[in-house]
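Trainee: sequence-free structure coming up:
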């Protein structure tokens, strides 16, 4: 037998993880207030503040500002009136909206997009949206409890609900011809839950 061929008889005795059931996918594990230090699901800030020395060092108001790797987003973290916060300012939001408008105009004129996704009928379609990161994070926080778009889009219903929010509240970032997304299933509009995470904020 060729060494590159797979033979199930050659599996080690403890290889049940290869043939067992798929692990359950829990989207809550990807929330922005979740992480390796968390044991109670209360957010990383709660765990950090149990360390009195660290808490005393962080008393008072303070702020720290940095930019992301591409330099188009300013991220500010800090503490104000005893509350931690994080804010993001994206500098190219207008450029993204203008890019979407150009794409939509070209698609409505019939210009093909060689990089567009395939539609259910097998033909090339058009890009659906071009959403700035700050908008995606805002929708995630306000409607989906902090579960990011990269995780939401794995679930058909939540993906469709996300598209509905974009279509109703952020139409400037829709690239699809006509400015309406071809949402494949009918879903209820998601309830706005607001920002409830401790380490997110103002």
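Mentor: Sure, I can see it. These figures come from a predicted structure and were not determined experimentally.

Trainee: From the rest of the structure, what touches the longest helix seen in the chain?
Mentor: When the chain is parsed with DSSP state H, its longest helix is helix 93-108. Outside helix 93-108, the residues that touch it by Cβ atoms under 8 Å, 6 or more residues apart in numbering are 113, 126-127, 129-132, 134-135, 172-179. From N, CA and C alone the C-beta is placed, and that goes for glycine too.

Trainee: repeat that for 10 Å
Mentor: Defining contact as Cβ atoms under 10 Å, 6 or more residues apart in numbering, one finds that helix 93-108 is touched by 72-73, 90, 92, 111-113, 116, 125-127, 129-135, 170-179.

Trainee: Show the average pLDDT along it.
Mentor: Mean per-residue pLDDT for helix 93-108: 94.

Trainee: for it, the distance to its chain's centre please.
Mentor: Mean-position distance between helix 93-108 and its chain equals 21 Å (Cα atoms, centre = their mean, to the nearest Å).

Trainee: Equivalent analysis for stretch 85-97, please.
Mentor: The gap between where stretch 85-97 is centred and where its chain is centred comes out at 15 Å by Cα atoms, centre = their mean.

Trainee: can you pull the buried residues of it?
Mentor: By neighbour count with 16 or more other Cβ atoms under 10 Å, stretch 85-97 contains the buried residues 85, 86, 90, 93, 96, 97.

Trainee: swap in stretch 167-187?
Mentor: Buried, per 16+ other Cβ under 10 Å, within stretch 167-187: 167, 170, 172, 173, 174, 175, 176, 177, 181, 183, 187.

Trainee: looking at it, the second one is touching residue 132, isn't it?
Mentor: Yes: between residue 170 and residue 132 there is a contact under Cβ atoms under 10 Å: 9.0 Å.

Trainee: Which other helices and strands does the helix or strand containing residue 88 contact?
Mentor: Per DSSP states H and E, residue 88 falls inside strand 83-90. For strand 83-90, the packing partners by 3 or more Cβ pairs under 10 Å, 6 or more residues apart in numbering; DSSP states H and E come out as helix 44-48, strand 62-67, strand 73-80, helix 133-143.

Trainee: Highest mean neighbour count out of these?
Mentor: Sort the helices and strands packed on strand 83-90 by mean neighbour count, taking mean count of other Cβ atoms under 10 Å, and helix 133-143 sits at the top with a mean of 19.
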